[in-house]
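**Student:** take a look and give me a structure for this.
(one chain, ligands or ions: 1)
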Amino acid sequence: FILIDSQQTQSIQHLASKMVYLDYNATTPLADEVIQAITHSLSVAWGNPSSCHDIGTKANHVIKEARQHVASMIGAKATDIIFTSGGTEGNNWILQTAVQHYQKAFEAKIKSIGDMDVKRNKPHFITSNIEHDSIKLVLEHFKDQEIADVTFLPVSKSSGAVHVEDVVAAVTPSTVMISIMLANNETGVIQPISDIGRRIKSINRQRGDNQRILLHTDAAQAIGKIGVNVEDLGVDYLTIVGHKFYGPRIGAVYVLNPGTSTPLYPLFFGGGQERNLRPGTENTPMIAGLGKAAELVHINLDLYSSKMQEVRDYLEEKLESCFGDSVCFNGRFKDSQRLPNTCNVSFIGKSAMPGHEILSQVPSIQASVGAACHAQDRPSHILLAIGISDFVARRALRISVGRETTKQDIDAAVQDLQKLFNKT
Ligand SMILES: O=C(O)CC[SeH]
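**Tutor:** Down below sits the predicted model:
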């Protein structure tokens, strides 16, 4: 006979519960077709894409095809796509480019108006208070180092989104860039980028081309979940992140006519790759994978989106029917839309506990309390920013479903949550 105590019994029971991954906003697995594209490229397109012989040309062709798929996914030209190592590089690059653009274009303007105290006229950025750290921390660094002035616009507590009028009101003669994410990673709330694009276009008509305000959006969380079209958005720059839409851990930036009608300055120097804009021998297999992931989104977006929405809505209905007033949803606003796969929910009933404790006691649920790159044991600054109280924010879970998440997965997860709360 083997004696096992209740603790061991519980852990065996936990192990018996099927593990349900519900953290697709943190990262997604690679689609099978993406793995095949990467593997194939590793074996047949290993050449240096800059080499003129056949082996190099094969690699170059793979990259050209991938670039076209990424461009088609967002309604762009292939020449407007530059591959990067991921979202953090893309965001840093675009913000740094805006500073350099200011120093070249706006200084001339400042000199022409006789204000020689150029240092005082720093570039000005407008962003929101719910951005990913690869925007937030860069702009905080610019502000701390007196490289730029930054307006962090508070999002509306009634919609979880920025007000277009607040963006317009924040514009100054030194404003060089507006950078606002297309959809938030924790609440899923979609930001009014198209409306902002239209307003900024009319403002730019009065500012002259070289002093136009540049518009950037970090589309990391939106691509693969909702339609993303750069013309509809009216952006000059857009950040693409492969591992959020079943692609590899590389990314790309969209830049409208890079280096000609839209400024783009290299972050580093080396070989002539990516038209001297982003040197370094290309990561052909990962680019092949990104292209395949983009092709899948371009073909199947409506199916992916509707499937995820059906399962996410089922999850929220199930939570409401099982827990009633003991749960409240963060990020559901009548005045804004949200991603079809994201649910931010707080457990506030009598046996409420912090979100990270829920997850530690229900290991079968692989979710998060917020952004993976944030500490999990404190209230999310994004939830606090949209007006959620500290008490509710501390008890939140960020549950994000994927293309393959099933209603059976949701039943299992909610059942395990019920077991936890019935027990406590
Ligand atoms: O988990 C997320 O929200 C994105 C990676 Se920091």
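**Student:** now the stretch 151-300 of the chain against the ligand: closest residue?
**Tutor:** At 3.4 Å from the ligand, residue 185 is the closest residue in the stretch 151-300 of the chain, using CB to the nearest ligand atom. Bear in mind the C-beta positions are built from the backbone N, C-alpha and C, glycine included.
**Student:** my read: that residue touches residue 220, true?
**Tutor:** Yes - with contact defined as CB atoms under 8 Å, residue 185 counts as touching residue 220 (7.3 Å).
**Student:** what do these two both touch?
**Tutor:** Counting by CB atoms under 8 Å, 6 or more residues apart in numbering, the common neighbours of residue 185 and residue 220 are residue 132.
**Student:** any idea how many residues pack against residue 333?
**Tutor:** Here the number of neighbours of residue 333 (other CB atoms under 10 Å) works out to 18.
**Student:** nearest residue to it in space, please, no chain neighbours.
**Tutor:** Leaving aside its sequence neighbours, residue 333 sits nearest to residue 159 (CB to CB, 6 or more residues apart in numbering; 4.8 Å).
**Student:** residue in the stretch 1-150 of the chain nearest to the ligand?
**Tutor:** Taking CB to the nearest ligand atom, the stretch 1-150 of the chain has residue 26 as its residue nearest the ligand, at 3.6 Å.
**Student:** contacts only, for that residue.
**Tutor:** 368, 371, 372, 400.
**Student:** so can I have a markdown table of those residues showing neighbour count?
**Tutor:** Below are the contacts of residue 26 laid out as a markdown table (neighbours: other CB atoms under 10 Å):
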| residue | neighbour count |
| --- | --- |
| 368 | 24 |
| 371 | 19 |
| 372 | 13 |
| 400 | 27 |
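**Student:** so which of those residues are also by the ligand?
**Tutor:** With CB under 6 Å from any ligand atom as the criterion, the contacts of residue 26 include 371, 372 near the ligand.
**Student:** now secondary structure, pLDDT and distance to residue 315 too, for the contacts of residue 26, in JSON lines please.
**Tutor:** Formatted as JSON lines, the contacts of residue 26 follow (DSSP: H, G, I helix; E, B strand; the rest coil; pLDDT from 0 to 100; distance: CB to CB, whole Å):
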{"residue": "368", "secondary structure": "strand", "pLDDT": "94", "distance to residue 315": "15"}
{"residue": "371", "secondary structure": "coil", "pLDDT": "87", "distance to residue 315": "20"}
{"residue": "372", "secondary structure": "coil", "pLDDT": "86", "distance to residue 315": "20"}
{"residue": "400", "secondary structure": "strand", "pLDDT": "98", "distance to residue 315": "10"}
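**Student:** one step back: just checking, the residue nearest to residue 333 is part of a helix?
**Tutor:** No - judged by DSSP: H, G, I helix; E, B strand; the rest coil, residue 159 forms no part of a helix; its state is coil.
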